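Participant: sequence plus the predicted model coming up.
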Amino acid sequence: MYEHRTTSNNSIKLYLTKAPFSSFSFVEKNFKGIYSLRRCFSLARALGVKTLTLEDIPAKGIIEDENKEILEFFPNYRCKGVVRLCFWKKEFKEPSDISSLSNRHLIGYAILKHDSVKSKKFDRWHIFEAVFKIPSTMGFYITMPKSFKITCNQKGFCVNGILYCQQNSLNKACAQVALRTLLSNHISQEDISYKQINTICGITPQSGRKPSMGMGVSDIRAVLNNFKIGFKDIDYTQNERLRYELPYQKFLYAGIESGAGALLGFHLSGPSIQDNLPPRHIIPFFGHTFNQHTWVPDSKESYFDVGGGVGYLPSDNWTDSFIGHDDNFGPNYCVPTCHVKRESVDYVVELFNSEVRYSGVHAEAVALGFVYSLVRAVDYKSSNNIWIKRLLHFTRHKKIVLRAVFVSKKRYLRHLLTCKDWEGNKERYEFIEGLEDVLPSFLWIIEISLPQLFPANERKVGEVVLNPYIKPNISTDVDFDLFLLARIPCYYFFLDSLKENNPTFLLLKSNITSHMPLIKHR
């Protein structure tokens, strides 16, 4: 299924991208000026491209699979060509020079496909797929990059990024390509073909359904369930009130922070094209920007939401933009968090691990109740630790910061073992070793921080650790069945007993007495 990336051709063309080379002219001359490819060239320019290679390649793997599927829908379909472009940050003039290049020289690649259906007067190029390195820009967070293997001039290379795919209006629309983007990061053993996706949804020539008309909510759920991807979705068209009670931004952010990604479906302003409904679009998200200087967290409660807060500051307040692909325009776009109006959003999907029983949004809400229980369990008046006192102060004023991340037990224990607090203290190895036997394989970690400490230092004063494999009890605000442990300066908390929802904690000493770094995305 990977042959389309690794197949080779003895014929290769080289282009030096310095002036007077024009990417506009190149795209117009060779690929009918498709907009999405211009975006790829813009990304390559920003990443320092110096040489472009072009290979005509045979239709192998899932490209061959796609051609067969299109023929089932359009008997006079013809694939007129497949081209692989590679973008390099080193200047060279001979194909033989490629043998001396390494992965660090490869910026990204794009595989383009030329489709023709005579009966539809259809003759177009589209980007079958592309992957570009993630910019190292400060504040640019991508939580789930994957390594993709490609071949250029018969030599293998790898590039890390997020798979971009574009619809062709024949066998795939925006939903199919958005799903393939996110599924590619969950399923490592094989690539995903569009025929697989369409078959799961019952989109076949025999059914009469046209792939170009896209997928509905039930289709998206069917695909995610088939591949055993956990998710939490909201169909706002079924309950308009939820647009305000459960804003889509919370679910996009939670899916991104969990490393699983998210989908956003919205309707366009324009004429109806079917059933008197407005045209719709759906795009995948997999990252966000972080703005440590944003005014939003401080101003929101003090000026615009006085008395109406939720009891804490969500970490997504420091997010300026979500990062995603738009198959119409190209890969790796920043979308401001409030750019898509909530009235326009129809559907949102937060993805997470297949065995997880609840979302990051729910984990964050549950953790807030635990924090209030914890602060009541410590004698703050007799404590000499200034960070405990500060935690109590900000908790009372509903200004603690919470951030939910989904990590493996191994990663969390390594985090505790290797990180130091502000005074240089490290946790005891024997204590962390003891946690190995009591924690499940994966964890919801809800990090606790304070205003200014979180954005300026990217540090925290503790965390609540929840079991992601237990179905939450929605009838209670504080579900202690989910609770595994918590940590604040000087102490670890373990549940000792619970009577009438009033917990008693077992407190164990911690070597960490102040703040320590947040868990990093990578």
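Facilitator: Yep, that arrived.
Participant: what residue ranges in this protein are flagged as low confidence?
Facilitator: Scanning the chain for pLDDT under 70 picks out the ranges 1, 138, 188-190, 270-278, 300-310, 379-382, 477, 521-522.
Participant: spatially central residue in it, please.
Facilitator: Nearest to the mean C-alpha position of the chain, counting by C-alpha atoms, centre = their mean, stands F286 at 2.1 Å.
Participant: domain parsing for the protein?
Facilitator: Per the record, the chain has its domains at 1-161, 173-354, 360-517, by automatic domain parsing.
Participant: nearest to Q167, out of these?
Facilitator: Proximity to Q167, assessed across those by C-beta to C-beta, is greatest for domain 173-354 (5.0 Å). Yep, even glycine has a C-beta here, placed from its N, CA and C like the rest.
Participant: now do stretch 386-395: everything it contacts.
Facilitator: Residues from elsewhere that reach stretch 386-395 (C-beta atoms under 8 Å, 6 or more residues apart in numbering): 371-372, 375, 378, 380, 383, 400, 448, 450-451, 461-462, 488-490, 513-515.
Participant: and it, what's buried?
Facilitator: For stretch 386-395, the neighbour count (16 or more other C-beta atoms under 10 Å) marks 387-388, 390-392, 394-395 as buried.
Participant: next: stretch 140-158.
Facilitator: 140-145, 148, 150-153, 157.
Participant: how much distance is there from stretch 201-213 to the middle of the chain?
Facilitator: 29 Å (C-alpha atoms, centre = their mean, to the nearest Å).
Participant: ok, back up a step: and which of the buried residues of stretch 140-158 is nearest L54?
Facilitator: Distance to L54, by C-beta to C-beta, is smallest for C152 among those, at 10.2 Å.
Participant: any idea which helix or strand comes after the longest helix seen in the chain?
Facilitator: Ranked by residue count, the top helix of the chain under DSSP state H comes out as helix 360-376. Next in sequence after helix 360-376, counting helices and strands by DSSP states H and E, comes helix 386-396.
Participant: which residues in the stretch 1-150 of the chain form strands?
Facilitator: Remark: strands assigned in the stretch 1-150 of the chain by DSSP state E, counting those that start in this stretch are 13-16, 51-56, 77-88, 106-117, 122-132, 140-142, 146-152.
Participant: closest to G434 out of those?
Facilitator: strand 140-142 (32.3 Å).
Participant: so what strands line up beside that closest one?
Facilitator: strand 280-290 (antiparallel) (DSSP bridges).
Participant: give me the buried positions along the helix or strand following the partner strand.
Facilitator: Using DSSP H and E, the next helix or strand after strand 280-290 towards the C-terminus is helix 296-299. Buried residues in helix 296-299, counted by 16+ other C-beta under 10 Å: 296-297.
Participant: got it, and stretch 130-143?
Facilitator: Those buried within stretch 130-143 under the rule 16+ other C-beta under 10 Å are 130-134, 140-143.
Participant: relative to N473, how far out is the residue nearest to the centre of the chain?
Facilitator: F286 is 31 Å from N473, where distance means C-beta to C-beta, to the nearest Å.
Participant: now distance to S344 too, for the strands of the stretch 1-150 of the chain, in CSV please.
Facilitator: Shown next, in CSV, are these (distance: least, C-beta to C-beta, whole Å):
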stretch, distance to S344
strand 13-16, 41
strand 51-56, 38
strand 77-88, 34
strand 106-117, 30
strand 122-132, 26
strand 140-142, 25
strand 146-152, 30
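Participant: mind checking which of those is nearest S42?
Facilitator: strand 122-132 (10.2 Å).
Participant: got a list of contacts for the closest one?
Facilitator: Under the criterion C-beta under 8 Å, 6+ apart, residues 4, 31-32, 34, 36-37, 40, 43-44, 47, 63, 66, 80, 82, 87, 107-116, 148, 159, 161-170, 331-332 lie in contact with strand 122-132.
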